[in-house]
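1. Provided below for reference: sequence and predicted model.
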Amino acid sequence: QVQLQESGPGLVKPSQTLSLTCTVSGDSITTNYAYWTWIRQPPGKGLEWMGAIAYSGSTYYSPSLKSRTSISRDTSKNQFTLQLSSVTPEDTAVYYCVREPRASTYYDYWGQGTQVTVSS
């Protein structure tokens, strides 16, 4: 069974960099049939696709977040990481790591989500 687990600080100060790690079990992040993706949901709003990393290591970012977002991976640990720089209170959200099958419009496996609050 595929499982994803987010980890990272729950509180980040404005202007700092948010860093979250997703640990995957039951599948390899180098699999060629899926993307490994970060999405978030601000309070009272819908899901927002932030970016993804492919089996090849190629990365894809939301145009609105591209200048502040970086996704990387550690294949030896089967983990991928999100970094979001220069955060503001508007980045407060529940952050999820998910598996996104290629050529699909859905996410088939989800982490439980982690609340990140940006506040001084």
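-> Nice, I can see it. Computed from a predicted structure; not experimentally measured.
2. residues in contact with the most centrally placed residue in the chain?
-> For the chain, the residue sitting closest to the mean C-alpha position, by CA atoms, centre = their mean, is Trp38 at 2.5 Å. Applying CB atoms under 8 Å, 6 or more residues apart in numbering, we find Trp38 in contact with 20, 22, 50-52, 71, 82, 95-98. Quick note: C-beta positions are derived from backbone N, CA and C, even for glycine.
3. by neighbours, which of the residues you listed wins?
-> For those, the largest number of neighbours (other CB atoms under 10 Å) sits with Cys97, at 29 neighbours.
4. sorry, back to before: which of the contacts of Trp38 lies closest to Val118?
-> Closest approach to Val118 among the contacts of Trp38 (CB to CB): Tyr95, at 11.5 Å.
5. can you tell me the closest non-neighbouring residue to the closest one?
-> Distance criterion CB to CB, 6 or more residues apart in numbering; nearest residue to Tyr95, sequence neighbours excluded, is Arg40 at 4.8 Å.
6. now swap in Gln115 and tell me
-> Leaving aside its sequence neighbours, Gln115 sits nearest to Val94 (CB to CB, 6+ apart; 5.4 Å).
7. count of residues packed around that neighbour?
-> For Val94, using other CB under 10 Å, the count is 16.
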